[in-house]
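> test case, fold it:
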Amino acid sequence: MNHSSNAGGGVSYAYFRSAIVATAGKSFQEGEQVFITYGNQSNDRLLQFYGFVEEDNPNDTFVICNAVSKIRRQGIPGADFTSPRLQWLQAQRKRRDAEEIVFTSRGLAPASAAALRALVASDDDSELLIRQVALSLAEDELSSSEGAADSSEEATADSSLTAALIHQFWHRSAKC
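From the prediction side, this is the model:
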């Protein structure tokens, strides 16, 4: 059976019946393809483990690494990198959430939003500031990715397509 993130069904083992049971979340017409879900898998994982990617995968993510350094470099007003805030993130085991800002098809991941909130929150306008910081990081990441692809002598149509897909994904998912 093939995978679809939107499938309501799955496969399980019924121990007492000694049988593998496939369930569907809806009725199907004769001849219609039945899908199951392999779980909440990003296209990276689907490609790595199953050899395919899914168009409009709701589980895809776009990760910006080293975000704290990038925020510092951009000099974003309101960002506070004093020891207490970074220590608090470390104590809450959320420092990684601040270092790797994750966007999903639904927008900024909750853990990333919480980490940014800890770094930049200072007043009632903090939610707007968090969105501005996230947007600034994403724009910086996209412009550096596109620039790197353009400047490389080995840039191919594939890398241009990749940059275009990242850009398209960002524009679809930027509704934080």
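
> ok, longest helix in the protein?
The longest helix of the chain (DSSP state H) is helix 126-151.

> tell me what that one is packed against?
The contact analysis (3 or more Cβ pairs under 8 Å, 6 or more residues apart in numbering; DSSP states H and E) places helix 126-151 against strand 61-64, helix 67-74, strand 101-104, strand 107-108, helix 110-120, helix 157-173. C-beta coordinates here come from the backbone N, C-alpha and C atoms, glycine included.

> now it: buried residues?
129, 130, 131, 133, 134, 137, 138, 141, 142, 146, 149 (16 or more other Cβ atoms under 10 Å).

> excluding sequence neighbours, find me the nearest residue to the fifth one.
Taking Cβ to Cβ, 6 or more residues apart in numbering as the measure, residue 134 lies nearest to residue 108, with 5.2 Å between them; neighbours along the chain are not counted.

> OK, contacts around the one you found?
Counting by Cβ atoms under 8 Å, 6 or more residues apart in numbering, residue 108 makes contact with 101, 102, 116, 130, 131, 134, 176.

> nearest to residue 6 among those residues?
residue 102 (21.5 Å; Cβ to Cβ).

> now that closest one, which residues is it bridged with?
residue 63 (DSSP bridges).

> my guess is it contacts residue 111. True?
Yes - counting by Cβ atoms under 8 Å, residue 102 does reach residue 111; the two are 7.2 Å apart.

> right, and residue 43 touches residue 56 too?
No - counting by Cβ under 8 Å, residue 56 is not a contact partner of residue 43; they are 10.1 Å apart.

> the two: which is more packed in?
The neighbour comparison of residue 43 against residue 56 (other Cβ atoms under 10 Å) goes to residue 43, with 16 against 10.

> and the gap between that one and residue 134?
Per Cβ to Cβ, to the nearest Å, residue 43 is found 21 Å from residue 134.
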